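Q: Sequence and predicted model, in that order:
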Amino acid sequence: MPPQVLLIVFVASTPSLPTYVQFLSVALSSNILNPSAMAWTSGKEPARSLHLHCMVRLLSGKYTAMPIENNFQHDEMLRKNPGDRVTYRELSGAAAPDSPSWQAAMGAVGSHLSRSGVRLVMFLHGSVLGTDVFGLTRLDEAGGLKRGYSRGISGLDSLLAFMREGPNGIGPLPGGLMPPLPDDEATKKLLDDQVGDAANFTTAYVESFRKATNQKAAPPLICVRELWSGENHHLGRAIAACRVLERVYRLVAEHALGATDRILVEGHGQAGLVLALVSNLLCPSPMTGRKKLFEILRSHSQQTALPDLDRILDRIEAALTSKSLLNGAALDIVTFGTPVRYGWDPSGIGKLLHVVNHRNLRTDGKTWLSKMELPQITMEMPIAWGGDYVQELAVAGTDAMPASESAREANKAVWELVEPYDGFERWVECARRAVRCPTEGSCLLVDYKDCTGSTNARDHYFGHAAYTRMDAMLFNHTEIVGRLYS
């Protein structure tokens with residue numbers, strides 16, 4: 001017997017309804033669907049009426065995957081037990097960076113990566129400073145406090161204060177530097193000087209990784225550091241996804257990568273959301289979402305005079321159409337502290353792993369979820385007691401906002417494509433789901449031992465800083481090898 005399937009269709013645009021009726025007719029006649037397992041929900045999505053989503057969910061077993069050819073659907077944010085997709089670890093007392101034992105262990109990591117076909121490692125990150133990392137600008141614009149949504153929810157005002165850039169101890173970038181951040185050496189040096197290895201893949205980190213892993217690796221690993229714009233909104237992430245793809249395309253050609261090779265991309269924070277969009281763009285089948293996204297970005301490019309974006313779109317669209325962008329190489333992705341928002345499309349990428357700084361504070365046995373209880377969270381968050389609060393709270397409904405009116409219009413268009421949630425109440429709802437593990441990929445929940453009792457945000461950036469520390473490099477990559485390449 002085929003597995004029982006629950007099909008939920010959200011009908012927000014009646015002209016598309018016949019398509020789904022036709023699909024259901026075929027599915028039922030083929031005995032793919034059990035009529036008793038079907039449910040219909042009609043009505044408009046929150047704050048919008050431009051989407052029609054179809055989600056197919058396997059009810060047998062504990063694992064529910066995003067559909068192949070995800071087409072930019074949002075993650076389902078399931079609270080159910082991820083089962084064998086999730087592993088729990090603690091940062092152990094590993095060897096000190098650059099010590100002989102550390103060098104030997106990192107050399108073994110490099111040899112294993114090389115034997116597994118990994119030829120190139122990309123470290124992708126933004127800036128924790130000056131980018132509204134919690135996305136309070138959008139919540140403020142939605143009028144949460146002004147419209148009184150926080151009334152009656154004890155501690156919510158205090159929680160919002162901890163998330164607001166400036167008062168929470170996360171300051172601006174020096175010299176008035178604002179997103180979009182240029183991917184140049186001067187900006188990378190500025191970030192290295194300002195935050196060091198806290199939520200930042202420093203040049204020293206990447207160089208240390210390159211030297212340590214290439215002691216015996218043959219061929220040697222190619223290591224690159226990429227700084228994305230740090231525009232923490234839908235438009236900024238969509239443009240960044242195209243730039244990342246174009247950069248990968250050039251690296252594939254430059255180093256003659258092909259069918260036996262693997263590319264490992266490690267993305268910190270919202271860089272992981274950029275990579276989620278990359279996964280949807282890489283879907284090998286033609287998708288309406290990809291065409292729509294390119295139309296939005298082209299229109300924005302023409303209105304704001306971004307000729308380089310036009311060139312990038314031309315290159316990657318042609319490469320995606322001809323299926324030559326990766327030239328047969330596999331693109332593996334590891335995210336660190338990425339909020340659960342955009343859905344992942346596994347059909348065009350290789351391996352996928354999500355790493356989250358997590359300490360279980362729950363008493364109900366659901367160790368795979370974070371703890372979002374008010375007002376308790378306002379006492380836990382300042383010392384990063386429960387792990388990564390940026391990953392937990394920068395979910396749907398939050399975001400920085402583009403500066404210009406034309407960019408806001410383009411952002412809204414992308415938003416309608418990728419995220420069916422908006423408004424203050426929806427953010428509260430998503431945050432309270434307390435989801436650590438996305439629906440697709442493996443998940444590694446790690447206690448990075450970064451809760452020292454300090455209330456200085458710069459010591460931990462609310463649990464978001466631990467992943468890129470030099471003393472976590474060996475641990476992270478030992479786990480990556482074990483989870484992805486064993």
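A: Right, received. Where do you want to start?
Q: count of residues packed around the residue lying closest to residue 220 once chain neighbours are set aside?
A: Among residues not flanking residue 220 along the chain, residue 214 sits closest, at 4.3 Å (C-beta to C-beta, 6 or more residues apart in numbering). No exception for glycine: its C-beta is placed from N, CA and C like everyone else's. If you count neighbours by other C-beta atoms under 10 Å, residue 214 ends up with 20.
Q: Likewise for residue 315?
A: 16.
Q: Can you tell me the closest non-neighbouring residue to it?
A: Distances taken as C-beta to C-beta, 6+ apart place residue 246 nearest to residue 315, at 5.7 Å, with adjacent residues excluded.
Q: before we move on, the earlier item: so what's the residue nearest to residue 220 up against?
A: 110, 220, 221 (C-beta atoms under 8 Å, 6 or more residues apart in numbering).
Q: now residue 364
A: Going by C-beta under 8 Å, 6+ apart, residue 364 touches no other residue.
Q: gap between it and residue 444?
A: Between residue 364 and residue 444 the distance is 22 Å, computed by C-beta to C-beta, to the nearest Å.
Q: So which other helices or strands are in contact with the longest helix along the chain?
A: If you go by DSSP state H, the chain has its longest helix at helix 234-254. Packing partners of helix 234-254 (3 or more C-beta pairs under 8 Å, 6 or more residues apart in numbering; DSSP states H and E): strand 118-125, strand 222-227, strand 262-268, helix 271-281, helix 288-304, helix 307-321, helix 405-418.
Q: SS state for residue 220?
A: Secondary structure, DSSP: H, G, I helix; E, B strand; the rest coil: residue 220 is coil.
Q: and it, how many neighbours does it have?
A: Counted with other C-beta under 10 Å, residue 220 comes out at 14.
Q: ok, for residue 392, nearest residue in space, not its chain neighbours?
A: residue 370 (4.7 Å).
Q: What are the neighbouring residues in contact with the one you found?
A: By C-beta under 8 Å, 6+ apart, residue 370 lies in contact with 358, 361, 386, 387, 392, 434, 435, 436.
Q: I'd like the residues you listed laid out as TSV, including neighbour count.
A: Converted to TSV, the contacts of residue 370 look like this (neighbours: other C-beta atoms under 10 Å):
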residue	neighbour count
358	28
361	16
386	24
387	29
392	29
434	20
435	26
436	22
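Q: give me phi/psi at residue 76?
A: Dihedral pair for residue 76: phi -80, psi -10, per degrees, to the nearest 10.
Q: Wait, it touches residue 439, no?
A: Yes: shown here, residue 76 and residue 439 form a contact pair, counting by C-beta atoms under 8 Å, at 5.2 Å.
Q: which of these two has more neighbours?
A: residue 439 (24 against 18).
Q: My impression was that that one belongs to a strand - is that right?
A: No: assigned with three-state DSSP, residue 439 falls outside any strand and is coil.
Q: Could I get the pLDDT score of it?
A: On the pLDDT scale, residue 439 is placed at 97.
Q: cool, residue 219 as well?
A: pLDDT, read off for residue 219, is 93.
Q: Same check on residue 142?
A: On pLDDT, residue 142 comes in at 73.
Q: is it true that it touches residue 424?
A: Yes: the criterion here is C-beta under 8 Å, and residue 142 meets it with residue 424 at 4.9 Å.
Q: Which residues are in contact with each of those two?
A: With C-beta under 8 Å, 6+ apart, residue 142 and residue 424 have common neighbours residue 397.
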